[in-house]
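Participant: Please find the sequence and the predicted model below.
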Amino acid sequence: MSTKFFTNQDSNTLLTKFEGIFEHNTDIENFDALVGYFRASGYFKVRPFLNNVPFIRILVGIDVDKILAKYQSKGLLFQGDANQTLIEFLKEIKSDIQEADYNQEIEEGILQFIEDIATQKIEIKAHPSKKLHAKIYIFKPKNWNEHKPGTVITGSSNLTENGLGGTYNFNYEFNVQLNDFDDVKFATEEFERLWIEGITILPVEINKVKKETFLNDTFTPFEVYIKFLIEYYGKSVEFDPNSVTDLPDGFKRLSYQIDAVNEGYKLLEKHNGFFLSDVVGLGKTVVGTLIAKKFFYSNDFPSHISNILIVVPPALKENWEETLDKFQLHNYKIVTNGSLHKIMDAEKYDLIIVDEAHKFRNDTAEAYNELQKICKTKTKRRLKDGSKADKKVMLISATPLNNRPEDIANQVYLFQDSKDSSLEVSNLQHFFRKHIDDYKRLKDNPDIKMVQEGVKVIYKEIREKVIQPLTVRRTRSDLNEHELYKNDLDEQGIVFPDIEKPQKIFYELDDELDALYDKTMVLLSHKVEGIKYLRYQAIKFLKADKKSKYKNADVASEALAKLMKTLLVKRIDSSFHAFKQSLNRFTLATEAMTKMFEKGTIFIAPNLNVNEYVMEEREDELLTKMIAMQATDPTIEICSADDFVAGFSEGLIRDFEILTELNNLWKKVNQDPKLDEFIRRIDTELLQKKINPAQKLVVFSESKETTTYLVKKLKEKGREDILEVHSDNRDKLRQTIRENFDANIPVEQYKNDFNIIIATEVLAEGINLHRSNVVLNYDTPWNSTRLMQRIGRVNRIGSIAPKIYIYNFYPTAKVNSDIELEKKAIMKLQAFHSALGEDSEIYSPDEETQSFGLFEKDVDEDKDEKLGFLMELRKFKSESPELYRKIQNMPLRARVGRKDRLKNDSTICFIRNQRRDAFYLVKPDKTFEELSFVETAKEF
């Protein structure tokens, strides 16, 4: 049964009806369309059928409701407004062009539509007074009459791609096709009546629309570049010095800190967390406090009173308490790293601040697991949909990238979903898995250059894809090179000292001592010839029935052995005195175990905190406690020699023999060329006013035994102005340290009772020592975070001296030339690096120890390239406000082409959705490569 109705189903679409009518009626002279909605983006679908049609008219309805509402709000009666009708129609056409699918076929159709109006191929009008719901398509042949009736289609389909059925997901439509003359005549008369009432759309008006959309082909490369920056930076370009208020007395309003506060708060909102990583000395505690205060008053205050948890190392607690009190932050709780298990009400807290966040990087550590539980627990605050809000997390760390890939991942997972992140890399677990595996493979590669290049690739991608989008960071170079920041600092009299390239201090070993030194390094670390550290691997070599009692016996044993090796290697680097003390303790501990074997009874107690005793040089106390606890600790195992696999006792005896030999050789060493050089430099250089105007010296060592030894030896030389600081006395000496070394206290409170401070790592954070400008690393700071923290004690806002000097000690053989001196030192440095293995990390490209990276690099790290582009945009806005506003109003999808022989036929795209910004280089073969923002900006 034939019907005149059709529904856009089974390919029986309005578009196929058009095709059939034009194909079988080649003499159609008039095509009229009356539609409620018209889409220029759908025009290309019908345009091929209209090539030979001389008279084309399209009458379009507009959304009269909007105009009526506008008039009614003013108490006016709308009776048709030609100008308003024109504005509304052009607005809809403009919107259609901007929102159409971005492909060549649609774009060519839109351009054809504009050209057809310009050449008067078609006439188009907008109806001013009726919200047209009718859809009528009239096809009339040449010499139209009752014998050549033409066709009319009416129903629900608009002249859009969906209405035509030209898309896969087209609308359900209901239409009827009429071929009777009377029907066509009636439709024609109705169309003519409405056409007379319509407002003509002139070519000049359509061309104006073209200029206001991405089809405008007059944009310059510079304008598109500025538009790109405007879209990327958003509100960050608007610097508002009043966005940070209520600064307490003594605190200056610094523009870089204001930017950091606004940027950090924005990242909290977008990603639930971020890294605050301004370099040491730029006031991260102040910035963190200001962000917390802004969050407190922006997080549904006063209907919701936010609670803030601040996690800090014990050494920084007092400094945080003072700062928070001065800034009058409310509802906060400070907890030290080791007390996270005491937080029983995790959902109470809305914001978590973690200072020295790099300490929480090991996902197998109990402290990390406690922190993650707190951070991942939802808050009590309810969102509009009734769900509980996520925590916000601020991780404060000057060097977030100077960790292994898995360490970085663990920190990011504190506020990001590992499988569904808010970053451009949605599956972080998959992203990091590849880099973790690549990193591990590099560790086994003997080719140092290949390792360095491989690490550069790994860290580049992690930096660009993960760290940069989540980080607020300024360096001193950023502040000095950008006019806004520099002017602000100059006006307030703030000057950052220049950091001189670190100086090498070589201490020379005579032939006999040099031979012993090198032999010791081999025996401490060589896999075949060296010590196996079996004293600390007993459970690994138990037979199966006994070994099964211990979980991860092999892993725990190997980790402990590595820890002992690291301790001895670092001790020989620290001082011969500390090394001899540690070596003697280790020898005695190994001897004790050999004697247990001789007596036939061996005690094992793996649940004791062995690491703590070892790192605090309390091995003897550890052994005593093991024996004392054996009766009460169920994990302590009493074994016989037969319970161990063959060869263990022999290996233990071999270790003891090597240790005994080394111990006896080192007991004969009475010289200390490092100490001698240290004392000589104090007298001739380190305290000279020429480089050290305040004559204050800061000395760091990892070993308390070394610091105590140095103080003793200097006092024997008659110096009484020496202050030794370690974990046992730091809090007690805090006020003394301030009075003698802190430049921020009032000048009238300055004291000079102590001019040399010799300290362990406890003084590398949370203390100002910037009356001094000279830092001497008595032993090598093997990780750059530690190095930066040490230098940051003297390189701070308010530093007095114009330059900072850093000195590092390195052992070398006695040779005849400076070149040979350094070559020998490099060889020993490489021996350290190889011996320390994973504990010294594969250094990122900024810190390659093999080329003396630790004392050749510029201590003030890389500049923030993104900041440079932001400052460029701010400067342009200030100097060219009218052009800036013009570019700001440029449409999205704006584009420009230019000649580039190296990248011919390629395209760079900036794409944005609710989750992220993405940048792509599309190559001539249609493959693409994702770029970072900085890489994209540099393409201009």
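Facilitator: Looks like it arrived, so ask away.
Participant: ok, residue 120 - how many residues close by?
Facilitator: Residue 120 has 9 neighbours, counted by other CB atoms under 10 Å. C-beta here means a position set from N, CA and C on the backbone, and glycine is covered the same way.
Participant: So it: helix, strand or coil?
Facilitator: Following DSSP: H, G, I helix; E, B strand; the rest coil, residue 120 is assigned to coil.
Participant: which residues does the nearest residue to it once chain neighbours are set aside contact?
Facilitator: Nearest residue to residue 120, sequence neighbours excluded (CB to CB, 6 or more residues apart in numbering): residue 203, at 7.5 Å. By CB atoms under 8 Å, 6 or more residues apart in numbering, the residues touching residue 203 are 117-118, 120.
Participant: export the residues you listed to TSV and tack on distance to residue 638 and pLDDT?
Facilitator: Output for these, formatted as TSV (distance: CB to CB, whole Å; pLDDT from 0 to 100):
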residue	distance to residue 638	pLDDT
117	98	82
118	99	83
120	105	87
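Participant: What score does the nearest residue to residue 346 once chain neighbours are set aside have for pLDDT?
Facilitator: Of all residues not flanking residue 346 in the chain, residue 377 sits nearest, at 3.9 Å (CB to CB, 6+ apart). Residue 377 carries a pLDDT score of 95 in this model.
Participant: how about residue 377, phi and psi?
Facilitator: phi -80, psi 130 (degrees, to the nearest 10).
Participant: Over to residue 769?
Facilitator: phi -130, psi 30.
Participant: My guess is it contacts residue 699. True?
Facilitator: No - under the criterion of CB atoms under 8 Å, residue 769 is not in contact with residue 699, lying 10.8 Å apart.
Participant: On the three-state scheme, residue 652 is what?
Facilitator: helix.
Participant: Show the contacting residues for the residue nearest to it when sequence neighbours are not counted.
Facilitator: Computed as CB to CB, 6+ apart, the closest residue to residue 652 that is not its neighbour in sequence is residue 534, at 4.7 Å. For residue 534, the contact set (CB under 8 Å, 6+ apart) comprises 541, 561, 648, 651-652, 655.
Participant: Among those residues, show me the least confident.
Facilitator: When the contacts of residue 534 are compared on pLDDT, residue 561 comes out lowest, with 89.
Participant: Please identify the helix or strand for it.
Facilitator: helix 553-574 (DSSP states H and E).
Participant: Residue 25 versus the residue of the chain positioned farthest from its centre, what's the distance?
Facilitator: Distance from the centre of the chain peaks at residue 147, with 75.9 Å (CA atoms, centre = their mean). Counting by CB to CB, to the nearest Å, the gap from residue 147 to residue 25 is 14 Å.
Participant: Likewise for residue 754?
Facilitator: Residue 754 is 104 Å from residue 25, by CB to CB.
Participant: what's the answer for residue 746, then?
Facilitator: Distance of residue 746 to residue 25, computed by CB to CB: 98 Å.
Participant: For those two, indicate the residue with more neighbours.
Facilitator: Set residue 746 next to residue 25 and count neighbours by other CB under 10 Å: residue 25 wins out with 15 against 6.
Participant: Ignoring the adjacent residues along the chain, who's closest to that one?
Facilitator: residue 141 (5.9 Å).
Participant: which residues of the stretch 651-800 of the chain fall in helices?
Facilitator: Remark: helices assigned in the stretch 651-800 of the chain by DSSP state H, counting those that start in this stretch are 673-681, 704-716, 730-741, 784-792.
Participant: okay, the ones you listed in TSV with mean pLDDT, distance to residue 219 and mean neighbour count next?
Facilitator: Shown next, in TSV, are these (pLDDT from 0 to 100; distance: least, CB to CB, whole Å; neighbours: other CB atoms under 10 Å):
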stretch	mean pLDDT	distance to residue 219	mean neighbour count
helix 673-681	96	63	18
helix 704-716	96	65	19
helix 730-741	93	58	17
helix 784-792	78	44	22
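Participant: right, and those - which one's nearest residue 110?
Facilitator: helix 784-792 (55.4 Å; CB to CB).
Participant: Now the following helix or strand past that closest one: buried residues?
Facilitator: With elements assigned by DSSP H and E, the helix or strand that comes after helix 784-792 is strand 803-813. Buried residues in strand 803-813, defined by neighbour count with 16 or more other CB atoms under 10 Å: 804-813.
Participant: Lowest-confidence entry in the residues you listed?
Facilitator: residue 813 (76).
Participant: Excluding sequence neighbours, find me the nearest residue to residue 763.
Facilitator: Excluding the flanking residues, the one nearest residue 763 by CB to CB, 6+ apart is residue 725, at 5.1 Å.
Participant: Quick one: residues contacting that neighbour.
Facilitator: So residue 725 contacts 707, 733, 737, 757-760, 762-763 (CB under 8 Å, 6+ apart).
Participant: wait, which of those is closest to residue 455?
Facilitator: Once CB to CB is applied, the member of those that ends up nearest residue 455 is residue 760, at 29.9 Å.
Participant: That closest one: what's it in contact with?
Facilitator: 700-704, 707, 725-727.
Participant: so which of these would you say is closest to residue 444?
Facilitator: residue 702 (27.6 Å).
Participant: Please state the backbone phi and psi of the closest one?
Facilitator: Main-chain dihedrals, residue 702, degrees, to the nearest 10: phi -70, psi -20.
Participant: one step back: out of the contacts of residue 760, which is nearest to residue 418?
Facilitator: For the contacts of residue 760, the minimum distance to residue 418 (CB to CB) is 34.2 Å, reached by residue 702.
Participant: you'd agree the closest one is up against residue 574?
Facilitator: Yes - using CB under 8 Å, residue 702 is in contact with residue 574, at 6.0 Å.
Participant: which neighbours do these two share?
Facilitator: Common contacts of residue 702 and residue 574 (CB under 8 Å, 6+ apart): residue 779.
Participant: need the contact list for residue 737.
Facilitator: Per CB under 8 Å, 6+ apart, neighbours of residue 737: 723, 725, 757, 763, 767, 769.
Participant: Let me fix that, I meant to ask about residue 341.
Facilitator: Neighbour list for residue 341: 366, 370 [criterion: CB under 8 Å, 6+ apart].
Participant: and with 6 Å instead?
Facilitator: The neighbours of residue 341, taking CB atoms under 6 Å, 6 or more residues apart in numbering as the test, are residue 370.
Participant: distance of the residue nearest to residue 120 from residue 426?
Facilitator: 47 Å.
Participant: All the helices of the stretch 301-450 of the chain, in order from the start?
Facilitator: Using DSSP H, counting those that start in this stretch, the helices of the stretch 301-450 of the chain run over 317-327, 366-376, 405-412, 428-443, 448-462.
Participant: which is the next helix or strand following the longest helix that the chain contains?
Facilitator: Of all the segments assigned as helix in the chain under DSSP state H, the longest by residue count is helix 576-599. Next along the chain after helix 576-599, taking DSSP H and E as the criterion, comes strand 602-604.
Participant: So what are the sheet partners of that next one and their directions?
Facilitator: Paired neighbours of strand 602-604 in the sheet (DSSP bridges): strand 637-639 (antiparallel).
Participant: pLDDT averaged over the partner strand, what's the number?
Facilitator: Mean pLDDT, strand 637-639: 79.
Participant: buried ones in it?
Facilitator: 637, 639.
Participant: for the helix holding residue 561, packing partners?
Facilitator: Helix 553-574 makes packing contacts with helix 576-599, helix 818-836 when contacts are defined by 3 or more CB pairs under 6 Å, 6 or more residues apart in numbering; DSSP states H and E.
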